[in-house]
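>>> turn this into a structure:
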Amino acid sequence: MVSFVGAGPGDPELLTLKGKRLIEEAALLLYAGSMIPPALLDLASPRASVIDAAPLDLEECHSLMLQFARAGQPVVHLHTGDPAVYSALREQLALLDRDGIPWQVVPGITAASAAAAAADKTAFVFMGHGTSHTAKVSYSQMQTTMQSLGYDNVFIGTVEGEPEETSCEAVIEAVKAAGYTKVILRPLMVVAGDHANNDMAGEDADSWLSQFTAAGCFEDVDCQISGLGRIADVQQLYIAHTKAAMDLLNG
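This is a model prediction of the structure:
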């Protein structure tokens with residue numbers, strides 16, 4: 001079994017009890033470099049192999065997990081925050097599924113924070129670009145994934161409004177129907193550029209901020225203008241993909 005465990009926001013005392021137990025039982029503990037507090041690594045058994053995954057590419061990480069899992073030894077891949085958010089989880093799970101290795105995801109404190117926000121009637125709306133290409137199904141898949149992970153207060157939208165359920169009008173209706181009274185808009189883009197500053201947070205009547213406000217059913221609508229590229233885990237994804245591409249070109 002491979003367990004993807006969320007380390008929380010950086011305070012070792014905010015690790016979940018299940019996460020702590022899995023780390024203590026792990027024969028292999030992979031961790032996301034300097035972003036993981038050393039105190040969490042100290043929880044590992046003296047007999048465990050504790051390996052920094054930051055310099056490893058996707059295939060190298062998978063090879064290590066495969067080696068231990070096939071030997072019947074428990075594996076933990078420790079991520080910052082919540083492993084299902086802004087990490088390469090989907091790619092890792094696809095490889096494990098391919099090789100028939102069972103896995104589980106143990107959310108970190110980020111999930112608890114989202115639950116608290118939901119209790120406060122706050123919805124998080126992430127605005128992506130959208131596309132008419134068949135790849136637009138990815139946005140619908142993101143929405144489904146968020147719901148399956150318990151993030152019922154997270155909504156995915158797109159500037160282009162494709163697929164249709166991601167248009168601003170459709171997202172407003174979805175947020176309203178779910179009963180949320182506060183809305184935080186964030187760009188689902190690597191860089192918070194023109195789309196974030198104008199299409200999302202602009203003063204024009206057709207901006208998302210203006211449309212959510214004009215709907216008249218939300219107590220508060222706020223914008224957080226920050227691109228995904230500012231998130232350390234996303235930066236690591238780009239580094240890993242670039243390294244893999246360079247390795248492929250170099251033979």
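>>> just the strands in the stretch 1-150 of the chain please.
If DSSP state E, counting those that start in this stretch is used as the criterion, the strands of the stretch 1-150 of the chain fall at 2-6, 28-31, 49-52, 75-79, 103-106, 122-128.
>>> contacts for the second one?
By that I understand strand 28-31. Here strand 28-31 makes contact (C-beta atoms under 8 Å, 6 or more residues apart in numbering) with 7, 23, 40-41, 44, 48-53, 56, 61, 64-65, 68, 73-78. Where C-beta positions appear, they are placed from N, C-alpha and C, glycine not excepted.
>>> recalculate using a threshold of 7 Å.
For strand 28-31, the external contacting residues (C-beta atoms under 7 Å, 6 or more residues apart in numbering) are 23, 41, 44, 48-53, 61, 64-65, 68, 73, 75-78.
>>> which parts of stretch 90-108 are buried?
For stretch 90-108, the neighbour count (16 or more other C-beta atoms under 10 Å) marks 92-93, 95-96, 101, 103, 105-108 as buried.
>>> tell me the pLDDT of Tyr86.
Note on Tyr86: pLDDT of 47.
>>> tell me which helix or strand in the protein has the weakest average pLDDT.
Ranking every helix and strand in the chain by mean pLDDT, DSSP states H and E puts helix 109-119 at the bottom, with a mean of 58.
>>> so in the protein, which helix runs the longest?
In the chain, with assignment by DSSP state H, the single longest helix is helix 232-249.
>>> that older thread, most tightly packed of the strands of the stretch 1-150 of the chain?
With neighbours taken as mean count of other C-beta atoms under 10 Å, the strands of the stretch 1-150 of the chain reach their highest mean count in strand 75-79, at a mean of 27.
>>> direction included, what does that strand pair against?
Paired neighbours of strand 75-79 in the sheet (DSSP bridges): strand 2-6 (parallel), strand 28-31 (parallel).
>>> out of those strands, which is closest to Gln147?
strand 2-6 (18.0 Å; C-beta to C-beta).
>>> contacts for that closest one?
Contacts to strand 2-6, defined as C-beta under 7 Å, 6+ apart, come from residues 19, 22-23, 65, 69, 75-79, 81-83, 89, 96, 101, 103-108, 110.
>>> ok, the nearest residue to Glu25 once chain neighbours are set aside - contacts?
Residue nearest to Glu25 in three dimensions, not counting chain neighbours: Pro74, with 5.4 Å by C-beta to C-beta, 6 or more residues apart in numbering. Neighbour list for Pro74: 1, 25-27 [criterion: C-beta under 7 Å, 6+ apart].
>>> ok, so of these, who is nearest Asp206?
Met1 (49.4 Å).
>>> spatially nearest residue to that closest one (excluding sequence neighbours)?
Distances taken as C-beta to C-beta, 6+ apart put Pro102 closest to Met1, at 5.1 Å, once the chain neighbours are dropped.
>>> Thr16 versus that neighbour, what's the distance?
Counting by C-beta to C-beta, to the nearest Å, the separation of Pro102 from Thr16 is 20 Å.
>>> check Gln224 too.
Using C-beta to C-beta, we find Gln224 at a distance of 26 Å from Thr16.
>>> cool, thanks, talk later.
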